[in-house]
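1. Predicted model follows, preceded by the sequence.
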Amino acid sequence: FRIRCRHPTDFVKLGGLLLASVFAWYLGSLFADIIPEDSLSTALNNIQNIVEKPVIKAPPPKRQKCDHWSPCLPGSYAFRILSGGGKDRLAKICFEDEMLISEEKGNVGRGINIAIFSGPMTTFIKNAPQGSLLLMVTHDEGSTKLKNDAKQTIADLGSKEIWNMKFRSSWAFIAAKGFKLPDNIQKEKINHSDKSKNRYDGWPAEIQIEGCIPQNLS
């Protein structure tokens, strides 16, 4: 075995390489003697535990009345009204977590659905006692058989969109008889059928209104 160095600087490079190797070996031996073996094992185990530690997931949110995202303030009623979408997605009316009108109850009808329907709509609304809360949504088609006297009756309750109802319009409305609802509560929404925008074949998307009504208004 023979090392051939053609230039003096080769000896310097070779010597530096050997010195660096010896120094690295010495530092490794020194740290091995200073740090106990059990400490190294503990450190490796801690790192492994951190990696393998299961992720703590937040608990699922508590279900609120009428499937609200957040609860109503104490002393308030929770409500949610949802118009129908097409023929298959039926309207829903929920009040204080009780589903008054829904597919499950089998009491959704074509046209305008009122929370508790009894007799002709105009007569029903006019006979509703003072202090009543009325929740209305459409399903399928609610304008064709809607006469002007019925429109006027609903308009008298505060509806502005009832006169704009068109064929297969999706509409939701909340009204009070004998008392005034707070101004910050959304009371009415409408969505007209438009072939270029309809979610369903021939019908617009369903619309929804939800909120909280103070109990001491009536």
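-> Perfect, thanks for sending it.

2. Now the phi/psi pair for the spatially most central residue of the chain, please.
-> The centroid of the chain falls nearest to Trp69 when counting by C-alpha atoms, centre = their mean (6.7 Å). The phi/psi pair for Trp69 (degrees, to the nearest 10) reads phi -70, psi -30.

3. which ones are touching it?
-> Applying C-beta atoms under 8 Å, 6 or more residues apart in numbering, one finds that Trp69 lies in contact with Pro61. For the C-beta atoms, the positions are set from N, CA and C on the backbone; glycine is no exception.

4. now with 10 Å?
-> Neighbour list for Trp69: 61, 210 [criterion: C-beta atoms under 10 Å, 6 or more residues apart in numbering].

5. Could you tell me the model confidence score at it?
-> In this model, Trp69 is scored at 89, pLDDT.

6. Same question for Phe124.
-> On pLDDT, Phe124 comes in at 82.

7. pretty sure it contacts Asn113?
-> No - Phe124 is beyond contact range of Asn113, at 11.6 Å (criterion: C-beta atoms under 10 Å).

8. Compare the two (neighbour count), which wins?
-> Applying other C-beta atoms under 10 Å to Phe124 and Asn113 shows that Asn113 carries more neighbours, namely 26 against 15.

9. doesn't that one fall inside a strand?
-> Yes - secondary structure of Asn113, determined by DSSP: H, G, I helix; E, B strand; the rest coil: located in a strand.

10. got a list of what it touches?
-> Neighbours of Asn113 in contact, by C-beta under 10 Å, 6+ apart: 81, 83-84, 90-93, 100-102, 107, 121, 135-139, 142.

11. repeat that for 8 Å
-> Asn113 is in contact with 91, 93, 101, 136-139, counting by C-beta under 8 Å, 6+ apart.

12. Tell me which entries of those lie within strands.
-> Under the assignment DSSP state E, the contacts of Asn113 contribute 93, 101, 136-139 to strands.

13. where are the low-confidence patches of the protein?
-> Scanning the chain for pLDDT under 70 picks out 1-55, 116-119, 218.

14. ranges for the strands of it?
-> Taking DSSP E, the strands of the chain run over residues 76-82, 92-95, 98-101, 111-114, 132-139, 170-177, 188-191, 208-214.

15. for the contacts of Asn113, which one is nearest Leu146?
-> Ranked by distance to Leu146 (C-beta to C-beta), the contacts of Asn113 are led by Thr138 at 9.6 Å.

16. Could you find the closest non-adjacent residue to the closest one?
-> Trp171 (4.6 Å; C-beta to C-beta, 6 or more residues apart in numbering).

17. Please name the residues that touch that neighbour.
-> With contact taken as C-beta under 8 Å, 6+ apart, Trp171 is in contact with 83, 112, 136-138, 142, 161-162, 165, 188-191, 207.

18. could you redo the last one with a cut-off of 7 Å?
-> By C-beta atoms under 7 Å, 6 or more residues apart in numbering, the residues touching Trp171 are 83, 137-138, 142, 161, 165, 190.
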